[in-house]
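Undergrad: Pasting a predicted model and its sequence here:
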2 protein chains.
Amino acid sequence: MKQMVCDQSVKEAWEKFKKLDEKITHYSSVTALLDWDQKVMAPKKGRQSFSNAIGTLKTEEFKLMVSDEMRDVLSVLSSSDAIEYLDEKEIAQVRERKEFYDRSKSIPPKMYQEYAVLTAQANDSWEEARDKNDFSLFKPDLEKIVEYNKKFVEMYGYEHHPYDALLNQYEPGLTVEKLDPLFARLREKSIDLLQRIQQSTHQPPAEIFEQSFGVEKQKAFNRYLLPILGFDMKAGRLDETVHPFAQPINNKDVRITTRYQEKNVRAALFGTIHEAGHGIYEQNISDEFEGTALLTGASYGIHESQSRFLENMVGRSKEFWTFFYPKLQEYFPSQLGQVSEEDFYQAINIVKPTMIRVEADELTYNLHIMIRYEIEKGLIMGEIEVKDLPEIWNAKMKEYLGIVPKTASEGVLQDVHWSFGGLGYFPSYSLGNLYAAQLLNTIKKECPDFYHHIETANFTNIQTWLKTNIHQYGKLYTPNQLIIKTTGEELNTDYLVEYLENKYSKIYQL
Amino acid sequence: MKQMVCDQSVKEAWEKFKKLDEKITHYSSVTALLDWDQKVMAPKKGRQSFSNAIGTLKTEEFKLMVSDEMRDVLSVLSSSDAIEYLDEKEIAQVRERKEFYDRSKSIPPKMYQEYAVLTAQANDSWEEARDKNDFSLFKPDLEKIVEYNKKFVEMYGYEHHPYDALLNQYEPGLTVEKLDPLFARLREKSIDLLQRIQQSTHQPPAEIFEQSFGVEKQKAFNRYLLPILGFDMKAGRLDETVHPFAQPINNKDVRITTRYQEKNVRAALFGTIHEAGHGIYEQNISDEFEGTALLTGASYGIHESQSRFLENMVGRSKEFWTFFYPKLQEYFPSQLGQVSEEDFYQAINIVKPTMIRVEADELTYNLHIMIRYEIEKGLIMGEIEVKDLPEIWNAKMKEYLGIVPKTASEGVLQDVHWSFGGLGYFPSYSLGNLYAAQLLNTIKKECPDFYHHIETANFTNIQTWLKTNIHQYGKLYTPNQLIIKTTGEELNTDYLVEYLENKYSKIYQL
């Protein structure tokens, strides 16, 4: 609080707020840990009954966030008088809690708990449906989830488009109105580039990865790689799960997972670099945000920019492999001993439409996201019904990517997101790509030695730049404030389009 | 609730109680998981700041347990009128919460939180003191812990001896008045037997274990052994920690740990069997106690009886190794190929006073416990001061075991218990030995094929007996009720004395 004479009621409200804010943060880091544990550690039989305990904790957290006490302190602290007394960090703390309070205050805790239980169960029905390749097993739960979200949207409130209310949970301030043109331009440019790539007479050698790569060696390479990239193993963990993810508990306990497949060395390699990007972000948030809602990334889109930046702009660059390819060859002499660095570099950058989003290349990835974005908007507007999803999915795949899934498992059932109610989440992935390219443009200007650092595996300067400009701030700034502060302009598609055009023009000799 | 016309106020109180009871149980299983995670999984740097989150959760749990709502429903439900309407399980649920409420109601939540933080920090100061072999580093925290416990004892209340209040946290109903004669007789008989053993001309071959046993092979043997013993790996985990322990999250998620040392194959072998005993107990508690305080062992002593029974009465028996020794030889052909089964059996039962409690044999183990019991009583009565502990410890070691530690690390600093405030805990270990021997006497009568089952590694019948007589009941009965129900009499020392006498007479040819 600023060193000035301060109104007693503001002071009191602030003290109450600080305690409440910290308590909620404690609950959040506990529930984060519980979620991680159930995915990574908990034995199968114990999960069902533990989900009730998780439900209780999450509902307690929710109740604190929409409590009368929260309403009262927020009403004092968000008044124009009070703001005079608060510093930048304090204003942001109030902003975060107020945003959640305003959005969620109309949701009865009972409804929240029912939804929490539904989405916990839906994970099982989705998994079963995917395993048995039978959409009808997931349909009833998904219908309920969509219905809840339609109600939530009305309770959250929105100015223009109902979907804005969902988007805002993940990307504060983003609207359909802003997103539609960004995506339209990206789509147009991507499809044009994709066509030229597909028509090119030069095609990289794909067969490099049609070999077995021992899992123990893959693990060893990851353990070697992570600390060099800047991931602090004393402030984090690396575990294995079927669906890799990053879960921060606090900024000194950031847990990432990866998946090892003998027949798919790229999955663990780029998956680990990706999650390390998320992890390094969280590890470098300033300690001063401990015990507040600001101890996390600015938004899901900004978060994804950090993982995409490390995975693609760094990890799929030529310079990265100038250093690391000889190392990788040492780990896999029989598989890669005879493969040239150039062939390897081209092979990790092959562009080819795939059924599965997480296996997509940098170019077609965004088309997968647009399909989901269109469908989610349709569901919320009532223009699409859940029962028609498999058909609509396939039609959109045909339209955007020119391929059609043969099964629901490799189509509409491939992603976990809808089962946990994450409608509005998918756009974050493409926003991440857009942010990452815009940041790349700035960092190249501000660190002229950028590619030289990569080529020598000297990531200190790069991570320092990211820490200084992005990581340290946590959630202090909105994503829009942050990208303007760092790059000097609002988010736009030019940088990603230009990056993809340059990269693939060279690889595919366009 | 019994099917009879029931007073409306009792019905209402019961419904409120049930919800509150379940909520507290959810908090307990969450904090159990958090404790496990911090010991087994959490990266070093994250623990400090997460301890605040754990403190918040534990204090919330405490507040619920001593809340006015709890007071009000307990006052209705524990009235003689209300008890008419409750069944056995419901009465036990009320008993558990009432016992805690009555004991803890005078402790202000603020004091509870301060103590929780102190004991969290004291773990670090104890570890540092032990690592640096410097008692003075732990002394200030231990002094505070003892002072808190002196205050708690007055707040808890007691009838005869202040130490009873501490004992009762771990062994409901136990008093110094009951324990002193049990321990006195056990001590007298143990020292007599020890002297005869030390004077025997026959001494088992100790050098068998002075070899290296590969850690990977030890792990493989444990993975082979655990399911045969009856530990369900789909309802539990086995991990590694410096200090092995068992941590139930619920009855389908029971996590045990062990420690592998190349130079000490016995540590992991018997440590794992011991923790499996705890784990199997929890896994076999009836599902009907889910969401209540009864979903755990009857007491720490009864719990320890299950681990000691499996470790010693089963795992250190001749019959056990009749089956498993040839298996173990397959895992360690170069170390054990030339060692006879009889020599191996005698070597795992060597009696020799040791500095370290957890390395002690079945006979001298209880003497270690008595030393701690005497000291704790002295501390609580103000007859012993913390500053004098290293000296007093060494004097008692000399008196009870005839050996004197050279350093504080192998003396007064060896155990973690005081650092987490566990005064009153140690007697549970010897109670466990006493209960286990008494149960052995009964199971041998009721299952005449007991040793034949062990010899053929057929543990189903044995585990069924334990489940039927002990495990399934969880905390439904008090330890005293349970031992009488199962063995027909109160706990006494005869069975353990007789068991030790028989066993060692043969081994040492007395």
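TA: Yes, it's here.

Undergrad: Confidence-wise, which helix or strand of chain A is lowest on average?
TA: In chain A, the helix or strand scored least confidently by mean pLDDT, DSSP states H and E is helix A:80-83, which has a mean of 86.

Undergrad: Quick one: residues in contact with it.
TA: With contact meaning Cβ atoms under 8 Å, 6 or more residues apart in numbering or on different chains, helix A:80-83 is reached by A:Asp7, A:Val10, A:Ala13, A:Val76, A:Leu77, A:Ile91. Any C-beta I mention is one placed from the backbone N, CA and C, and that applies to glycine too.

Undergrad: Of the residues you listed, just say which sits nearest to B:Met381.
TA: Among the contacts of helix A:80-83, A:Ala13 lies closest to B:Met381 (Cβ to Cβ), at 49.0 Å.

Undergrad: Help me confirm that that closest one comes into contact with A:Arg71.
TA: No. The criterion here is Cβ atoms under 8 Å, and A:Ala13 misses it with A:Arg71 at 11.3 Å.

Undergrad: who has more neighbours, these two?
TA: With neighbours defined as other Cβ atoms under 10 Å in any protein chain shown, A:Ala13 and A:Arg71 compare such that A:Ala13 has more, 21 against 13.

Undergrad: Closest residue of the stretch 401-510 of chain A to chain B?
TA: In the stretch 401-510 of chain A, the residue that lies nearest chain B is A:Gly474 (14.2 Å; Cβ to the nearest Cβ).

Undergrad: B:Phe50 versus that residue, what's the distance?
TA: 17 Å (Cβ to Cβ, to the nearest Å).

Undergrad: neighbour-wise, which of these two wins?
TA: Set side by side, A:Gly474 and B:Phe50 show more neighbours around A:Gly474, with 25 against 22, by other Cβ under 10 Å.

Undergrad: now the helices for the stretch 101-250 of chain A?
TA: Assigned by DSSP state H, counting those that start in this stretch, the helices in the stretch 101-250 of chain A fall at A:109-132, A:139-156, A:162-170, A:176-199, A:215-229.

Undergrad: and among the ones you listed, the most buried is which?
TA: helix A:162-170 (a mean of 22; mean count of other Cβ atoms under 10 Å in any protein chain shown).

Undergrad: what comes into contact with that one?
TA: Contacts of helix A:162-170 (Cβ under 8 Å, 6+ apart): A:103, A:149-150, A:152-154, A:156-158, A:174-176, A:179, A:299-301, A:376-377, A:380-381, A:423-425, A:427-428.

Undergrad: At the contact with chain B, which residues of chain A appear?
TA: Within chain A, the residues that sit near chain B (Cβ under 8 Å from any Cβ of the partner chain) are A:22-23, A:25-27, A:29-30, A:33-34, A:37, A:41-50, A:52-54, A:56-57, A:60, A:232-237, A:249-250, A:252-254, A:290-291.

Undergrad: which of those residues count as buried?
TA: The neighbour count (16 or more other Cβ atoms under 10 Å in any protein chain shown) marks A:22-23, A:25-27, A:29-30, A:33-34, A:37, A:41-43, A:45-47, A:49-50, A:52-54, A:56-57, A:60, A:232, A:235-237, A:249-250, A:252-254, A:290-291 as buried among the residues of chain A next to chain B.

Undergrad: Which members of those are positioned in strands?
TA: Per DSSP state E, strands hold the following members of those: A:Gly236, A:Arg237, A:Ile249, A:Asn250, A:Asp253, A:Val254.
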